[in-house]
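Chemist: predicted coordinates and the sequence they were generated for:
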2 protein chains.
Amino acid sequence: MKRLVLALDVYERERALEIARETSDYLWAIKVNWPLILGAGLDVIKELKETANVPLIADLKLADIPNTNRLIAGKVFEAGADYVIVHGFTGRDSVNAVKELGEVIIVVEMSHPGAEEFIQPVADGLIKLANDVRPFGVIAPATRPERISYIRSKLRDGIKILTPGVGAQGGSAKKALEAGADYVIVGRSIYESKNPREKARKFHEELMGAI
Amino acid sequence: MKRLVLALDVYERERALEIARETSDYLWAIKVNWPLILGAGLDVIKELKETANVPLIADLKLADIPNTNRLIAGKVFEAGADYVIVHGFTGRDSVNAVKELGEVIIVVEMSHPGAEEFIQPVADGLIKLANDVRPFGVIAPATRPERISYIRSKLRDGIKILTPGVGAQGGSAKKALEAGADYVIVGRSIYESKNPREKARKFHEELMGAI
């Protein structure tokens, strides 16, 4: 059972593939965002999957009307993505438009200061939306483990919690799992390391020790 | 003074360029979304600008943390976009990260049913955010002209209102301008028409008559 997700936020195709190859033994999945897709093209999704042989999460943070969400997600699932990250904020029709095409992961909380303005005040509503829609999982930051515990206590059984913010942003992988997270997303601490494979191995072992 | 924006939601590069060429005499700007960028590549932005010689709006609906918004918008401004559409609900730091790189247009209201869940209840907060951040403009749907009037009454002078929902979605171009919109965004009614140029001319004349 692996619980580590690599946030592969490098922007050159060759470098992305190299890190994916080096670290894949310790990963549950790889997460890519728009900058890599823009820089390397949609085909990078399939190439990463073939290189690392792990599930691929497309972190699109979709937040458009249902039809546009559907068009975007359609192209990205077609390219080989296994999971697409969508915002709950734009409402359940926009989320369901993506869920009809494949597995979704819903953002229910974010960690940057601006999240306090509009997102945190409706966190309960976003959790309820997730419980109704029944996605594969939700995103909630590891920088505040007490929020992971809270979300876990409110979330329907079977919906996974994926948690970014570990490593460079200060969150602890072990504490995130203890608080109820299922998967821990690590980026810079691995891909900016001189030895990404070794770093991924350490996170993997820390996570295994925490269970 | 032109007030018509073409929402160029076709997904083949050749077709997009053809419609841009045919209609450009009547356009203030062209708006593109992710599906065209994914289908045709980022270069389509520069090609459209060279073909139509009008400003280009990239409707990315950005809704990520400041650093990721910055990385995505950086690539799209570099590709030639003049304006980038961002969500206000991810907070002012996420919006400002894009505004540091170029002109932004902030979503303060959406027209799909799911917008009633989280976005409409915070419309006043999103308008206030826009007044603080001072973007080029805001997006508000033409399907409810009374909301355009309301937003106009709350919005700082000089911030433009761009309004989608005209034509296929039932909004009236003339009523949207009368309610206080500055630019009207039309998609399907033009690009699905047998004669996109003639259709664009008619919208242009309707808009000129409304001023």
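Modeler: Received it, and whenever you're ready, just let me know what you need.
Chemist: which strands and helices lie in contact with the longest helix seen in chain A?
Modeler: Counting residues, the longest helix found in chain A (DSSP state H) is helix A:196-210. On a contact count with 3 or more C-beta pairs under 8 Å, 6 or more residues apart in numbering or on different chains; DSSP states H and E, helix A:196-210 meets strand A:4-7, helix A:13-23, helix A:173-178, strand A:183-186, helix A:188-191. (Glycine included, C-beta is placed from N, CA and C.)
Chemist: let's see it at 7 Å
Modeler: When contacts are defined as 3 or more C-beta pairs under 7 Å, 6 or more residues apart in numbering or on different chains; DSSP states H and E, helix A:196-210 sits against strand A:4-7, helix A:13-23, helix A:173-178, helix A:188-191.
Chemist: pick the most buried one from the ones you listed.
Modeler: strand A:4-7 (a mean of 25; mean count of other C-beta atoms under 10 Å in any protein chain shown).
Chemist: sheet-wise, list the partners of that strand with their directions.
Modeler: Note on strand A:4-7: by DSSP bridges, its sheet partners are strand A:29-33 (parallel), strand A:183-186 (parallel).
Chemist: is stretch A:65-72 in proximity to chain B?
Modeler: Yes. Stretch A:65-72 reaches chain B (C-beta under 7 Å from any C-beta of the partner chain) through A:Ile65, A:Pro66, A:Thr68, A:Leu71, A:Ile72.
Chemist: as TSV, the helices and strands packed on helix A:196-210 with mean pLDDT would be great.
Modeler: Output for the helices and strands packed on helix A:196-210, formatted as TSV (pLDDT from 0 to 100):
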stretch	mean pLDDT
strand A:4-7	97
helix A:13-23	97
helix A:173-178	90
helix A:188-191	94
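Chemist: ok, back up a step: can you tell me which of the residues of stretch A:65-72 next to chain B are in helices?
Modeler: Using DSSP H, the members of those that fall within helices are A:Pro66, A:Thr68, A:Leu71, A:Ile72.
Chemist: what about these, which one has the most neighbours?
Modeler: A:Ile72 (24 neighbours; other C-beta atoms under 10 Å in any protein chain shown).
Chemist: ok, that one to B:Leu126 distance?
Modeler: Distance of A:Ile72 to B:Leu126, given as C-beta to C-beta, to the nearest Å: 22 Å.
Chemist: ok, the closest residue to A:His87 other than its chain neighbours - contacts?
Modeler: Distance criterion C-beta to C-beta, 6 or more residues apart in numbering or on different chains; nearest residue to A:His87, sequence neighbours excluded, is A:Ala63 at 4.2 Å. Counting by C-beta atoms under 7 Å, 6 or more residues apart in numbering or on different chains, A:Ala63 makes contact with A:His87, A:Phe89, A:Thr90, B:Lys61, B:Ala63, B:His87.
Chemist: in chain A, where is pLDDT below threshold?
Modeler: Counting by pLDDT under 70, chain A shows low-confidence ranges at A:210-211.
Chemist: how about the residues of it near chain B?
Modeler: A:33-35, A:38-39, A:42, A:61, A:63-66, A:68, A:71-72, A:75, A:87, A:89-94, A:110, A:112-115, A:117-119, A:122, A:125.
Chemist: surely A:Phe136 is in contact with A:Lys160?
Modeler: Yes. If you go by C-beta atoms under 7 Å, A:Phe136 and A:Lys160 touch, sitting 6.2 Å apart.
Chemist: related to what we said a few turns ago, got the residues of stretch A:65-72 next to chain B as a markdown table, with distance to A:Val54 columns?
Modeler: Putting the residues of stretch A:65-72 next to chain B into a markdown table (distance: C-beta to C-beta, whole Å) gives the following:
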| residue | distance to A:Val54 |
| --- | --- |
| A:Ile65 | 32 |
| A:Pro66 | 30 |
| A:Thr68 | 29 |
| A:Leu71 | 27 |
| A:Ile72 | 23 |
